[in-house]
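**Student:** predicted model follows, preceded by the sequence.
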Amino acid sequence: MYDCLHEAGSFQAPARNPGRHRRPRRTIHRLADNEPVNEPVNLANDHLAPLLTPEGRALLDEVRGTAPADELAVATRLRREHPAELVSAALAQARLRQRAAAKFGDADADRMFFTPNGVEQSTRASVAAYRAERLTALGVTSVADLCCGIGGDAIALARAGIRVLAVDRDPVTAATARANAEALGLAGLIEVREADVTEIDTAGYDAVFVDPARRGGRGRIFDPEAYSPPLSWAVGAASTARVAALKIAPGIPHEAILADAEAEWISDAGDVKEAVLWFGTAPGAMRATLLPGPRTLLGRGLPDPHVRPVGRYLYEPDGAVIRAHLVAEVAEQLDGGLIDPTIAYITADGLHATDYASAYEITDRLPFNVKKLKALLREREVGSLTVKKRGSAVEPEELRRKALPKPQGRNSATVILTRVAGAPTMLLGHPARP
């Protein structure tokens, strides 16, 4: 059984197309927790059910926006009229809603319900909306959302007009997803089922979406076969539908990607958020998608860019581009090359517009030397310093403290710690826009 939360032991799952793996079949992990799947939810033991009552909802409205410094005073006042446990649950939910606003926006976060893990692991609303739009464009009208969590993806799918079966084995998580569907007026399109995802028949759905757990007791899980459920099982589930999307860690090795899958890396506002394996779309394709937008770059199988001397401009490709191994496609757009064969910085003599990289005009190049950098910053009257690095072990904050101990200048600058032709180098400059 898979509850999308824990893993241990071993189990051999079928692959979607065993003959097209890029690596040998591996032993994958099975869950140690084999308790009955459909146990009734004991609502008295969680904090969600009391909050769904009229008293709980009124209390949530009253504590909305409570600052951490005011919680004690607010709790003391409210406990005179309400049960202490209910007040504590409302304040805890208010804190979670404040944290969730960054992912879901204030309007939705103020109406939704969250668990601590749900806030951390749920898909950002902008990413979920993009995926829902893509599924809609593929003609999908129904999706089996396996390992649905608190329902972030299910919400985006339903808002796109897609009928959703949202499945999670954890009772509180499933109850939270159901409460969110109701709170946002989407219960008519979202059926939430508390069940083991391996026992769900997905044959009647246009698409399957699987978001396995990629965190364990020791933190992030990097081996796709150690996901819960494992990637091999998810690939088998994908074979039941015309279209499938399997969410994976952005750092997945490319050799672990199946030949009949399209791999897409997605960033939002410059931060890489996730990677997805698509089936039923473009087998073998590599794609980097940048949000907002979306702006999408497709791989063309170009060879690695050549290495050349540092030019007037340096370009830093978006993280999704780097993860998708599409730096060569951007370098071709910019008529540029790499500053080092192992570093994903592109250099060019001209300033070119691109959606896929940030540009910096380079004014100075010097070997790594803090004293020389400090003297140069003093000479340029720099009072605000941005430190970026790639291929350097130096901590940016440590360098900023040493090179600019008493910021007083009127100018700003960017220093880039990197390697040029193998040598530790500092490149000084500033952001450039065409």
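**Tutor:** All right, it came through fine.

**Student:** who's in contact with the helix of greatest length in the chain?
**Tutor:** In the chain, with assignment by DSSP state H, the single longest helix is helix 84-104. Judged by C-beta atoms under 8 Å, 6 or more residues apart in numbering, the contacts made with helix 84-104 from elsewhere in the structure are 47, 50-51, 55-56, 59-60, 62-66, 68, 71, 74-75, 78-79, 109-110, 112-116, 119, 122-125, 152. In this view, the C-beta of every residue, glycine as well, is placed from N, C-alpha and C.

**Student:** for the record, mean pLDDT for it?
**Tutor:** Here helix 84-104 scores 95 as its mean pLDDT.

**Student:** next SSE after it?
**Tutor:** helix 106-109 (DSSP states H and E).

**Student:** which strands and helices sit next to that next one?
**Tutor:** Under the contact criterion of 3 or more C-beta pairs under 8 Å, 6 or more residues apart in numbering; DSSP states H and E, helix 106-109 touches helix 84-104.

**Student:** how about the helix it packs on: buried residues?
**Tutor:** Across helix 84-104, burial judged by 16 or more other C-beta atoms under 10 Å covers 86-87, 89-98, 100, 103-104.

**Student:** what about that helix, distance to the chain center?
**Tutor:** In terms of C-alpha atoms, centre = their mean, to the nearest Å, the centre of helix 84-104 is found 22 Å from the chain centre.

**Student:** only C-alpha atoms, please: export that helix in PDB.
**Tutor:** Listed in PDB are the C-alpha atoms of helix 84-104, where the atom choice follows Å, rounded to 0.1, in the frame of the first residue of the first chain:
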ATOM      1  CA  ALA A  84      -9.200  26.400  24.600                       C
ATOM      2  CA  GLU A  85      -8.500  23.700  22.000                       C
ATOM      3  CA  LEU A  86     -10.700  25.400  19.400                       C
ATOM      4  CA  VAL A  87      -8.900  28.700  20.000                       C
ATOM      5  CA  SER A  88      -5.600  27.000  19.600                       C
ATOM      6  CA  ALA A  89      -6.700  25.300  16.400                       C
ATOM      7  CA  ALA A  90      -8.000  28.500  14.900                       C
ATOM      8  CA  LEU A  91      -4.800  30.400  15.700                       C
ATOM      9  CA  ALA A  92      -2.700  27.600  14.300                       C
ATOM     10  CA  GLN A  93      -4.800  27.600  11.100                       C
ATOM     11  CA  ALA A  94      -4.400  31.400  10.800                       C
ATOM     12  CA  ARG A  95      -0.700  31.000  10.900                       C
ATOM     13  CA  LEU A  96      -0.800  28.300   8.200                       C
ATOM     14  CA  ARG A  97      -3.000  30.500   6.100                       C
ATOM     15  CA  GLN A  98      -0.600  33.400   6.300                       C
ATOM     16  CA  ARG A  99       2.200  31.100   5.200                       C
ATOM     17  CA  ALA A 100       0.100  29.700   2.400                       C
ATOM     18  CA  ALA A 101      -0.700  33.100   0.900                       C
ATOM     19  CA  ALA A 102       2.700  33.100  -0.900                       C
ATOM     20  CA  LYS A 103       1.600  29.900  -2.800                       C
ATOM     21  CA  PHE A 104      -2.200  30.400  -3.100                       C
END
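
**Student:** next, Thr136: secondary structure please.
**Tutor:** Per DSSP: H, G, I helix; E, B strand; the rest coil, the secondary structure class of Thr136 is helix.

**Student:** could you check how many residues crowd around the residue lying closest to it once chain neighbours are set aside?
**Tutor:** Nearest-residue entry for Thr136: Ala160, 4.9 Å, with adjacent residues in sequence omitted and distances by C-beta to C-beta, 6 or more residues apart in numbering. Ala160 has 21 neighbours, counted by other C-beta atoms under 10 Å.

**Student:** separation between Ala160 and Ala213?
**Tutor:** Spatial separation of Ala160 from Ala213 under the definition C-beta to C-beta, to the nearest Å is 25 Å.

**Student:** give me the residue at the spatial middle of this structure.
**Tutor:** For the chain, the residue whose C-alpha lies nearest the mean C-alpha position (C-alpha atoms, centre = their mean) is Lys273; its distance is 2.4 Å.

**Student:** pretty sure that one sits against Ala249.
**Tutor:** No - under the criterion of C-beta atoms under 8 Å, Lys273 lies out of contact with Ala249, with a separation of 10.9 Å.

**Student:** where does the stretch 151-300 of the chain dip in pLDDT?
**Tutor:** Counting by pLDDT under 70, the stretch 151-300 of the chain contains low-confidence ranges at 215-219.

**Student:** so which residues of it form strands?
**Tutor:** Ranges of strands within the stretch 151-300 of the chain are 163-168, 190-194, 207-210, 215-216, 219-220, 243-248, 262-268, 271-279, 286-291, 295-298, based on DSSP state E, counting those that start in this stretch.

**Student:** quick one: what helix or strand has Glu62 in it?
**Tutor:** With DSSP H and E as the test, Glu62 turns up in helix 54-63.

**Student:** ok, residues contacting that helix?
**Tutor:** Contact with helix 54-63 is made by 50-51, 74, 78, 82, 86-87, 89-91, 93-94, as judged by C-beta under 8 Å, 6+ apart.

**Student:** kindly recompute the last result at 7 Å.
**Tutor:** With contact meaning C-beta atoms under 7 Å, 6 or more residues apart in numbering, helix 54-63 is reached by 50-51, 74, 78, 82, 86-87, 90-91, 93-94.
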